[in-house]
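K.L.:
pasting the sequence and the predicted coordinates here, then a few questions.
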Amino acid sequence: MIHFELLSSNSIEELSREKTLYISDFRSLGESFEYEIESMWKYENLLPWITKKGFCTVNESSQNLLYPSNNSLRLLKCEQGKQPSISIIKRLKEKEHILSQINSIWTAVPHPEIDEIARKYNIQLNYKYSDFIVYNDKISVKKMMGELSPSWHQITDLKMLTEDFKSGKYIIKRSIGAGGYTTFLPNSKEIPQKLFSLFSNNNFSWYAEEIIDSIPMSIQCYKKDNTITVFGYSRQIMGNEVEFIGAEFLKLEALTNDKDLYNNITETFSRLSAFLSNYNGFFGIDFFYDSQKNFYFLEINARMTALTIPFLLHNLNITKTSKFFEDYEGDVSKVKFKITFDSKWETNDIII
């Protein structure tokens, strides 16, 4: 069953459990768990915006944020340290004491070390890393989408990678990844060293997708058992052509009133139905859609996305908001929501 509704965190029971440890760790989205990606720190401070009870990990940069007042939520401050590759669960102080007070862990994005803790202490976990790999395998999903997707093919060796990249016709993507971390446009004749290195590691599959001149869009969804609620619709704002840097919030009615778009979205859900049958939680779907009614499915991100919390806050209608920006460097004195702070680059993720 598909609903189109302005869902907020107040309506989601699993975000308000007294004996749950809430964790936001986005390290599974990077090139490698070993890479030192400083931006991973900022994502650790997201969940207090939407969690109401229980325990929630954050780092010291959380002191720069004005979370909603909630005396029922206990913030567990974990020092950032000097290595951004180290997971927040590994940096949690008084771990034994905290784990003795909970019966479940809710993670925004899975991490193998969270799996290990849940298994060791026999604690219920909402999302395992092994399942995350399955649900976010873009090649598997591409096969389900058929003609809804731009033309694409899997890259099987370095020769094919070289030919596809130098042709200028394709964007190169890894089967597992997010944003601009593992996406490469052919903006030069030589393969970037980063792409060559990642491809040579041979840990994941890669594919070439036809470059489409269209408008990047997305929807934000929440699945509970057999019900999917679409609670956000947006036009994405891109930087360097492949990096997501923000989004313009659009009204859900603009989607449901557009017969062609609505039919394509519902057909997308139909094709994903069996695949997502055992999945519960947040997810986003990225697609192209233009004024000529051309629709192209791009990918599903089966996890909390960069737009999940901005839309849940936008839907509260506490104050009128219109756009979300990541890594904003400007004046934030009049910003409506400063969602997280990047201590390395001194930038903010904001809603205006």
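P.N.:
It's in. Residues are numbered from 1 along each chain as shown.
K.L.:
residue 136 contacts residue 176, doesn't it?
P.N.:
Yes: the criterion here is CB atoms under 8 Å, and residue 136 meets it with residue 176 at 5.8 Å. Heads up, the C-betas are built off the backbone N, CA and C, glycines and all.
K.L.:
who has more neighbours, those two?
P.N.:
residue 136 (23 against 17; other CB atoms under 10 Å).
K.L.:
nearest residue to the more buried one in space, please, no chain neighbours.
P.N.:
What sits nearest to residue 136 in space, not counting adjacent residues and going by CB to CB, 6 or more residues apart in numbering, is residue 302, at 5.4 Å.
K.L.:
what residues does the one you found make contact with?
P.N.:
132, 135, 136, 276, 279, 281, 283 (CB atoms under 8 Å, 6 or more residues apart in numbering).
K.L.:
take those and keep only those in strands.
P.N.:
Judged by DSSP state E, those include 281, 283 as members of strands.
K.L.:
pick the one among the contacts of residue 302 closest to residue 108.
P.N.:
residue 281 (8.9 Å; CB to CB).
K.L.:
pLDDT wise, what is residue 69 at?
P.N.:
Predicted confidence (pLDDT) at residue 69: the value is 84.
K.L.:
for it, helix, strand, or coil?
P.N.:
The assignment at residue 69 comes out as coil when based on DSSP: H, G, I helix; E, B strand; the rest coil.
K.L.:
when you give positions from now on, start the count at 52
P.N.:
All set: I'll call the first residue 52, so the last point we hit is now residue 120.
K.L.:
run a quick neighbour tally on it.
P.N.:
6.
K.L.:
next one: it from residue 103, what distance?
P.N.:
11 Å (CB to CB, to the nearest Å).
K.L.:
touching both of those two, which residues are there?
P.N.:
By CB under 8 Å, 6+ apart, no residue touches both residue 120 and residue 103.
K.L.:
okay, and residue 299 sits in which element?
P.N.:
Element membership for residue 299 (DSSP states H and E) is strand 294-301.
K.L.:
which elements pack onto that strand?
P.N.:
Here strand 294-301 touches strand 278-290, helix 359-365, strand 374-379, going by 3 or more CB pairs under 8 Å, 6 or more residues apart in numbering; DSSP states H and E.
K.L.:
quick one: the shortest one to chain centroid distance?
P.N.:
Between the mean C-alpha location of strand 374-379 and the chain-wide mean there is a distance of 15 Å, by CA atoms, centre = their mean, to the nearest Å.
K.L.:
low pLDDT regions in the stretch 202-351 of the chain?
P.N.:
230-231 (pLDDT under 70).
K.L.:
so what's residue 211 closest to, chain neighbours aside?
P.N.:
residue 259 (8.0 Å).
K.L.:
can you map out the helices along the chain?
P.N.:
In the chain, the helices defined using DSSP state H lie at 146-150, 163-171, 180-186, 189-196, 209-218, 244-252, 303-307, 310-323, 359-365.
K.L.:
what's in contact with the third one?
P.N.:
With CB under 8 Å, 6+ apart as the contact definition, helix 180-186 has outside contacts at 79, 160-163, 165-166, 191, 227, 326-327, 330, 351, 353-354.
K.L.:
buried stuff in that helix?
P.N.:
Neighbour counts using 16 or more other CB atoms under 10 Å place 180, 183, 186 of helix 180-186 among the buried residues.
K.L.:
using CSV, lay out those residues together with pLDDT.
P.N.:
Output for those, formatted as CSV (pLDDT from 0 to 100):
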residue, pLDDT
180, 97
183, 96
186, 97
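K.L.:
of those, just say which sits nearest to residue 255.
P.N.:
Closest to residue 255, out of all of the buried residues of helix 180-186 and judged by CB to CB, is residue 183, at 13.1 Å.
K.L.:
quick revisit: among the helices and strands packed on strand 294-301, which comes closest to residue 139?
P.N.:
So among these, helix 359-365 is nearest, using CB to CB, at 16.8 Å.
K.L.:
put the alpha carbons of that closest one into CSV.
P.N.:
The C-alpha trace of helix 359-365 is given here as CSV (Å, rounded to 0.1, in the frame of the first residue of the first chain):
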residue,chain,number,x,y,z
THR,A,359,15.4,12.3,5.4
ILE,A,360,15.7,14.6,8.4
PRO,A,361,15.3,17.9,6.5
PHE,A,362,12.0,16.7,5.1
LEU,A,363,10.8,15.4,8.5
LEU,A,364,11.6,18.9,10.0
HIS,A,365,10.0,20.6,7.0
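K.L.:
give me the contacts around it.
P.N.:
58-60, 97, 100-101, 159, 271, 282-283, 285, 298, 300, 333, 335, 372, 375, 388, 390, 402.
K.L.:
got it, and stretch 310-322?
P.N.:
Applying CB under 8 Å, 6+ apart, the contact partners of stretch 310-322 are 53, 195-197, 199, 270, 279, 281, 306-307, 336, 338, 340, 344, 346, 348.
K.L.:
just the buried members of those residues?
P.N.:
Buried subset of the contacts of stretch 310-322 (neighbour count, 16+ other CB under 10 Å): 195, 196, 199, 270, 279, 281, 306, 336, 338, 340, 346, 348.
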